[in-house]
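J.: Quick one, what's the 3D model for this:
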Amino acid sequence: MEHNQMRIYQQGGENPTFRKILLEHTDTIAVSWWGIRARIPKTKPYDLRSRLGDSAFVIVGAGNPQDRDPASLDIATGALHGLVEANVQEMDFAIEVDAYAEYDRILDWREEFWDHLPSGKFCPVWKPGYGLDELKRLCVTYHRVAVTAAGLHDPRAAAFLRTVRDVHLHGLGIADMEALSAFPLESVSNSAWTNPMRHGEIIYWDGQQIRRHSKDEHEEGIRRARQFAHKVGLEPSAVDAKDGIAALAVRAYSALAQDSENAVVGIAPLKSEDDLSQLDLSELVMGEEMPLNLIDLDKPVSRKPKPRAKSILPILSVTQEEVPDEEHGGTKNVDRISPSGRQLLACDNCALSDKCPEFDPGSECAFDIPIQLRSRDDVSRFLSALLEIQGQRVMFGRFIEQLEGGYPDPNISSEMDRFFKVMQIAKDIEDNRDYLKINVETRANAGVLSRLFGSKVGEQARELDEPIDTSALTTKVDDQFDR
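T.: Next comes the predicted model:
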């Protein structure tokens, strides 16, 4: 399995101010066609290499609402093709226009221009509205495919993208840490580093991941940014300037790229149109084919599902258990649901396939989790194991906290709270004391015993064991007063 360092192309190379910051702090830059088109001369080619130096760069087509009508979009797209032709040898690749156009027209542009570029220089875009079958077709047709954030959130597409082989996946406009780590993305283009200048956000690299603070958390963000500036080769005082905050963000994403290794896995690409004509796509189709000429391309297609017979989930099993029948006497059989023990997880679609020491293509998971909780003792032993694991997490978090300068980490506090919560649960389960708690509320003249056990019991409790002679009682009272 091949491992590659993810490339993060940071957008803004079309803007002279942004370009100056990018050239100083990163060597992977993205140029937005819609941002640069007004600067392109009409009489000569626009040379991006002379403006971007030795930096690797890509051209992002994207879309512009000002050119959403078909005529304007055709003109603008034609000019984009000219920019790509002028820089095709120097650029890493170019991404097509994907917005404000019906998919049929996008297919026409591919046939007219993009498919004639040198191998690997073109990157088509897939969105959920195009359908899963189209995503599979792109993966077997092209060396590289771009996926939007909406595409990564589509459940069926996400499951497929985690298993594709030999296709270079590009994340278009993706800056979310969870998405960047959950998918085998070879490259990403985004403009997140400009948020400090546009929205007052603070972005920095803490040595393990990117941290982001909103404008409302500016003071906290600046303080933490100074603390971690050295992680990306900047002095703490550098973040006091606006350009310094932007530089910190640029270097944060560069550090993320250097720290990442992504496995490129899945379906082998076809090399020519002849190969595509001979391909049987029927094996790739899941259900009915989704229409491609959709107006709202970002909205997933929905169909009314056809009914079919239901069965229990394969991870569960149902057994019959004989229990006492308290209502009719005797015994009765009841259904008991328990884990089936059947292993569905396979190496080919496992999220840890690029890291697992037991990875074996085509095999089921080599590991099992033999947990059975059938008694109080089973639960107690399981909670003891959880306490040990949670205690290790707390101690390791404390170790990291000290290595990072000793600043209190709220994540460790939450892990400690979780530790004590599990400890309390274990204590409650092991507590076998029996006790009775009664809350009594009385009203009017009724006593406590009358409320609990009835009026007769209350009257009996107020009765004397034997009658008292009133004359003798009077004599005793008078003697007390005489004294």
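
J.: Helix or strand next in line after the helix ranked longest in the chain, which one?
T.: Scanning the chain for the longest helix, with DSSP state H as the assignment, gives helix 376-403. Using DSSP states H and E, the helix or strand that directly follows helix 376-403 along the chain is helix 410-430.

J.: How far off centre is that following helix?
T.: Mean-position distance between helix 410-430 and its chain equals 25 Å (C-alpha atoms, centre = their mean, to the nearest Å).

J.: which secondary structure elements does that helix contact?
T.: Applying 3 or more C-beta pairs under 8 Å, 6 or more residues apart in numbering; DSSP states H and E, we find helix 410-430 packed against helix 376-403. The way it works is simple: take the backbone N, C-alpha and C, and place the C-beta from them, glycine included.

J.: for the helix it packs on, packing partners?
T.: If you count contacts as 3+ C-beta pairs under 8 Å, 6+ apart, helix 376-403 packs onto helix 410-430.

J.: Which residues in the helix it packs on does the neighbour count mark as buried?
T.: The neighbour-count check on helix 410-430 (16 or more other C-beta atoms under 10 Å) flags 412, 415-416, 419, 422, 426 as buried.

J.: Distance to residue 161 for the residues you listed - can I get that in TSV?
T.: Shown next, in TSV, are the buried residues of helix 410-430 (distance: C-beta to C-beta, whole Å):
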residue	distance to residue 161
412	34
415	32
416	37
419	36
422	36
426	41
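
J.: Return the member of these nearest to residue 357.
T.: The nearest member of the buried residues of helix 410-430 to residue 357, counting by C-beta to C-beta, is residue 415 at 26.7 Å.

J.: For the host helix or strand of residue 228, the averaged confidence score.
T.: Per DSSP H and E, residue 228 falls inside helix 218-228. Throughout helix 218-228, pLDDT has a mean value of 87.

J.: Could you check the pLDDT of the closest residue to residue 113 other than its chain neighbours?
T.: Leaving out its chain neighbours, the residue that sits closest to residue 113 by C-beta to C-beta, 6 or more residues apart in numbering is residue 81, at 4.9 Å. As predicted, residue 81 sits at a pLDDT of 89.

J.: quick one on the thing from earlier: now the two most distant members of the buried residues of helix 410-430.
T.: Across the buried residues of helix 410-430, no pair lies farther apart than 412 and 426, at 21.1 Å, counting by C-beta to C-beta.

J.: quick one on the thing from earlier: just the angle between the longest helix of the chain and helix 410-430, please?
T.: Per axes from the mean of the first three to the mean of the last three C-alpha atoms, to 10 degrees, the angle that helix 376-403 makes with helix 410-430 is 160 degrees.

J.: buried ones in the helix holding residue 228?
T.: By 16+ other C-beta under 10 Å, the buried positions in helix 218-228 come out as 221-222, 224-228.

J.: From those, pick the one nearest residue 430.
T.: Closest approach to residue 430 among the buried residues of helix 218-228 (C-beta to C-beta): residue 224, at 41.9 Å.

J.: What is the burial count for residue 48?
T.: 20 (other C-beta atoms under 10 Å).

J.: Name the helix or strand for the residue nearest to residue 113, please.
T.: Assessed by DSSP H and E, residue 81 sits inside helix 70-87.

J.: ok, and what's touching that helix?
T.: Helix 70-87 is contacted by residues 33-34, 36-37, 40, 45-49, 59, 61, 64, 66-67, 91, 94, 97, 100-101, 105, 109, 113, 117 when judged by C-beta atoms under 8 Å, 6 or more residues apart in numbering.

J.: and the closest residue to residue 227 other than its chain neighbours, what pLDDT?
T.: Distances taken as C-beta to C-beta, 6+ apart place residue 405 nearest to residue 227, at 6.0 Å, with adjacent residues excluded. If you check residue 405, the pLDDT there is 80.

J.: now swap in residue 185 and tell me
T.: For residue 185, the pLDDT comes out at 88.

J.: Nothing else from me, thank you.
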